[in-house]
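**Student:** Curious how this folds, go ahead:
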Amino acid sequence: MDRSGPNWREVDEVLAKYHLLHAEPHNGEIQVSGTFTISDGSDEIERYQIRILLRHDYPLSMPEVWEIGGRIPKTAERHVQPITGQACVMLPDQRWELWPVGRNLLHFVEGPIHSYFIGQALVERGEKWPAGEWAHDAFGVADYYAQLLKSPSLDATLNLLAAIGAPAIKGYIDCPCLSGKRLWHCHQGRVRDIRQRMGSAQALDARQRLLRDCERLAANVVAVYPDAVTLRTRHAVFELARAGLNAASS
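**Tutor:** Have a look, this model is predicted:
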């Protein structure tokens, strides 16, 4: 087995610390599987059978994770994709916060993967999922950016993402959050901070994806509620779609 290359070096670093995991080539990619132990300091909390797959384009793409012991239901409520069974260890939009470019596989295992299975163990014991739970759909992404940006509405979120992605931040303009204040008296500090840490390109990409989701949801909402065509903001359409989804699943 050829274990040369930077990806294999990262894998070997993980295996050196997690002795119950093993790795093998998988269709030209790398698969890590076995028993994953989660702990709170020195005390073991639980063990899960897991599989981690590093795709051809890793580390541009994030590792994909599955729980393969059959313990975790394949439901969105448990942060598992119902069709594929893949674990939703974090929102892709959170990468810049939780696993920024330049971090290695061990950081991913000890960060997002460990936190994910801590949450699963808590739920199995009847406790709540830890803070930072987001739905893995357009609503979850919108909620994530709303909290991150301290945004009062989806329209404000889209405006603030555009400001983060702009070539320059001009404090004398009206704040994109629609508060009526100047930017420098409102969101300027947050816009500058997030721009520096997340980058303008990701902000613009997130905005475009949210806009596409809005258009898709708007079409679905109008098909069910024809009067929705009179709604004046994207936020109103988005929340009507969310309410309809919640009603359908209850």
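
**Student:** CA only for contacts and neighbour counts going forward, please
**Tutor:** OK.

**Student:** What residues sit buried inside the lengthiest helix in the chain?
**Tutor:** Criterion DSSP state H: the longest helix present in the chain is helix 200-224. Buried residues in helix 200-224, counting neighbours by 16 or more other Cα atoms under 10 Å, are found at 200, 202-204, 206-207, 210-211, 213-214, 217-219, 221-222.

**Student:** Okay, now the unreliable bits of the protein?
**Tutor:** For the chain, applying pLDDT under 70 flags the ranges 1-2, 131-132, 225, 227-232, 244-250.

**Student:** do that again at 80, thanks
**Tutor:** When residues are selected by pLDDT under 80, those of the chain lie in 1-4, 41-42, 130-133, 135-137, 218, 220-250.

**Student:** At the geometric centre of it, which residue sits there?
**Tutor:** The structure's the chain has its C-alpha centroid closest to Leu91; by Cα atoms, centre = their mean the separation is 0.7 Å.

**Student:** quick one, what contacts the nearest residue to that one once chain neighbours are set aside?
**Tutor:** If the residues on either side of it in the chain are set aside, Leu91 comes closest to His136, at 6.5 Å by Cα to Cα, 6 or more residues apart in numbering. His136 is in contact with 76, 79, 88, 91, counting by Cα atoms under 8 Å, 6 or more residues apart in numbering.

**Student:** Which parts of this structure are strands?
**Tutor:** 21-26, 29-40, 43-54, 64-67 (DSSP state E).

**Student:** Could you dump those strands into JSON lines and include mean neighbour count and distance to His235?
**Tutor:** Output for the strands of the chain, formatted as JSON lines (neighbours: other Cα atoms under 10 Å; distance: least, Cα to Cα, whole Å):
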{"stretch": "strand 21-26", "mean neighbour count": "16", "distance to His235": "44"}
{"stretch": "strand 29-40", "mean neighbour count": "18", "distance to His235": "40"}
{"stretch": "strand 43-54", "mean neighbour count": "17", "distance to His235": "37"}
{"stretch": "strand 64-67", "mean neighbour count": "20", "distance to His235": "32"}
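
**Student:** Output those in TSV; the columns should cover distance to Ile169.
**Tutor:** Compiled in TSV, the strands of the chain are given as follows (distance: least, Cα to Cα, whole Å):
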stretch	distance to Ile169
strand 21-26	47
strand 29-40	42
strand 43-54	38
strand 64-67	36
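
**Student:** re earlier: how close does the residue nearest to Leu91 sit to His22?
**Tutor:** Separation of His136 from His22 (Cα to Cα, to the nearest Å) stands at 29 Å.

**Student:** How about Pro176?
**Tutor:** 50 Å.

**Student:** and if you look at Arg9?
**Tutor:** Separation of Arg9 from His22 (Cα to Cα): 13 Å.

**Student:** cool, and Pro100?
**Tutor:** As judged by Cα to Cα, Pro100 and His22 stand 25 Å apart.

**Student:** which among the contacts of His136 end up buried?
**Tutor:** Among these, those classed as buried by 16+ other Cα under 10 Å are 79, 88, 91.

**Student:** mind listing what the last one touches?
**Tutor:** Okay, so that is Leu91. By Cα under 8 Å, 6+ apart, the contact set of Leu91 is 134, 136, 141.

**Student:** Let's have those residues in JSON lines, adding distance to His26.
**Tutor:** Shown next, in JSON lines, are these (distance: Cα to Cα, whole Å):
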{"residue": "Trp134", "distance to His26": "31"}
{"residue": "His136", "distance to His26": "27"}
{"residue": "Val141", "distance to His26": "32"}
